[in-house]
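When you get a sec, could you give me coordinates for this:
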Amino acid sequence: MTEHHDEAAAAAPPAGARWRLIGPGVVAAATGVGAGDLVATLVAGSKFGYALLWAAVIGTLLKISLAEAVGRWSLASGRTIFEGWSSLGPGWFGGRLNWASAYFGVYVVLWGFVYGATAMTASALPLAALLDRTPLALDLKAWAMILGVLGLILVWFNRYPLFEKLMTGLVGVMFVTVVGLAVIVAPDLPALARGLVPSLPPGAAYYTLGLIGGVGGTITLAAYGYWIGQKGWRGPAWMRVMRLDNRIGYAVTGVFVIAMLIVGAELLHASNIALAGGDRGLLDLDGVLRERFGDAVGVLFLVGFFAASFSSLIGVWHGVGLMFADFWGHVRHGPGRAGAAGEGSPAFRGYLLWLTFPPMLLLFMDRPFGLIVAYGALGAVFMPFLAFTLLWLLNSGRTPPEWRSRGLSNTMLVAGGLLFCVLAGRELTGLFG
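Numbering: from 1, shown residues only. Predicted structure coming up:
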């Protein structure tokens, strides 16, 4: 799979030490929950109060199932998810490409170009707001470029163990700020409990689908298998550790989602306050918090906003960089040799440069329509692609019989795939309609 950091650790987990080994799941959670996810949840709470809490819980369970499937494939087969995709159907050019790997290659290049600009801007927004009236005040584009380069340096010069510690620290900051806000606004506990009972208020269908399928559900779900490889977990002996790690990581995601739903319900829903669209909606929330609770709470929130955005940036730089290195190694060297690619490889570092510098051009441009349409179309079908290819891989001879999917896992993969198809349909209709 990926480079060995500790051959002894790869053999089997130490007895009674599972809690101390937790890490990749937290990395996946930090990467998957960005500023846009927080805004989506906040808006759902502001419009419908606690009524969609049940959807957030189901969404968390769905992500746990998908990430568990990725981790189970990696540990049971000893192969990366990209190697699995490469086995689905006949290969071209000496087996170096097939339909799945060709789709992924086009997607990861185009997605990285657009996402790089989006991630840098989202990280710069809270920092620019925090430092607006200080000697460090800079234009938003300048902060975006600085943070993109900082993310590049942090991932380029460090290896997974330090990267995991950095991500865990950012998750800690997010936890204190986001959960702290939920406590400050004083949730209505009876209403919170009623929100666990499924209901669908008028006009809530789109937000319900978004909460179930959108929050924490990105290409980084597929990157989870690479992070457990970097951690040194190899073979079925690590299956129980992986499952615990995954549940804890996405439980953290669930806590963030519920906390932001509480903030939206208590702070915005009752007062009928609307937010701006996109990541800038969090700056509107900063103004509401300062007016209601004072500047200290607003500053605390902006720090958490930055932690959420920047953790997603460096998480993608690292996780998707590993995926691209695997793809490039497979295309260049053919099947069976791609696993040598990893941190520090030319392909990994080349993709980091691609994520950082070309997207800076987009910071100075209006949204180029053709590029955005292609990016949206390719991105819309990634999550259905992931769910259904996992279903295929985990119910075939590619997976040892004892680790193939059973009833519950298959149900969740089918449900996730169908849900993501509906979301993809809405996205594509919006793009081309």
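
Please count neighbours and contacts with C-alpha atoms only from this point.
Fine.

How many residues are close by Leu418?
16 (other C-alpha atoms under 10 Å).

Torsion angles phi and psi at it?
Main-chain dihedrals, Leu418, degrees, to the nearest 10: phi -70, psi -40.

Now it. Nearest residue, chain neighbours left out?
Pro384 (7.2 Å; C-alpha to C-alpha, 6 or more residues apart in numbering).

tell me what the strand or helix carrying the one you found is packed against?
Element membership of Pro384 [criterion: DSSP states H and E] is helix 382-393. Under the contact definition 3 or more C-alpha pairs under 8 Å, 6 or more residues apart in numbering; DSSP states H and E, helix 382-393 sits against helix 53-77, helix 407-432.

List the buried residues of the longest one.
Buried residues in helix 407-432, defined by neighbour count with 16 or more other C-alpha atoms under 10 Å: 409-410, 412-414, 416-424, 427-428.

isn't Val297 right up against Leu289?
Yes. Here Val297 reaches Leu289: they are 6.5 Å apart, a contact under C-alpha atoms under 8 Å.

The helix or strand where Ala29 lies: how far from the chain's middle?
Assigned by DSSP H and E, Ala29 falls within helix 24-32. On the basis of C-alpha atoms, centre = their mean, to the nearest Å, helix 24-32 sits 7 Å off its chain's mean C-alpha point.

Show me what that helix packs onto, helices and strands only.
So helix 24-32, by 3+ C-alpha pairs under 8 Å, 6+ apart, packs with helix 160-184, helix 220-231, helix 239-263, helix 295-333.

Show me what the helix or strand following that helix is packed up against.
Following helix 24-32 in sequence order, the next helix or strand is helix 35-48 (DSSP H and E). Helix 35-48 sits against helix 205-213, helix 239-263, helix 281-293, helix 295-333, with contacts defined as 3+ C-alpha pairs under 8 Å, 6+ apart.

any chance of those in a markdown table, with mean pLDDT and distance to Phe432 too?
Formatted as a markdown table, the helices and strands packed on helix 35-48 follow (pLDDT from 0 to 100; distance: least, C-alpha to C-alpha, whole Å):
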| stretch | mean pLDDT | distance to Phe432 |
| --- | --- | --- |
| helix 205-213 | 83 | 18 |
| helix 239-263 | 91 | 30 |
| helix 281-293 | 86 | 26 |
| helix 295-333 | 92 | 28 |
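
Distance to Ala117 and mean neighbour count for those - can I get that in JSON lines?
Putting the helices and strands packed on helix 35-48 into JSON lines (distance: least, C-alpha to C-alpha, whole Å; neighbours: other C-alpha atoms under 10 Å) gives the following:
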{"stretch": "helix 205-213", "distance to Ala117": "23", "mean neighbour count": "20"}
{"stretch": "helix 239-263", "distance to Ala117": "24", "mean neighbour count": "23"}
{"stretch": "helix 281-293", "distance to Ala117": "18", "mean neighbour count": "17"}
{"stretch": "helix 295-333", "distance to Ala117": "10", "mean neighbour count": "24"}
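
Phi, psi for Tyr50 please.
According to degrees, to the nearest 10, Tyr50 has phi -90, psi 0.

one step back: do you know which of the helices and strands packed on helix 35-48 lies nearest Pro135?
helix 295-333 (17.0 Å; C-alpha to C-alpha).

After that closest one, which helix or strand is next? Please name it.
helix 346-356.

circling back to that earlier point, quick one: the helix holding Pro384 to chain centroid distance?
16 Å.

What angle do helix 220-231 and it make with each other?
Orientation check (axes from the mean of the first three to the mean of the last three C-alpha atoms, to 10 degrees): helix 382-393 against helix 220-231 gives 60 degrees.

what angle sits between helix 382-393 and helix 407-432?
Orientation of helix 382-393 against helix 407-432 (the same axes, to 10 degrees) gives an angle of 150 degrees.
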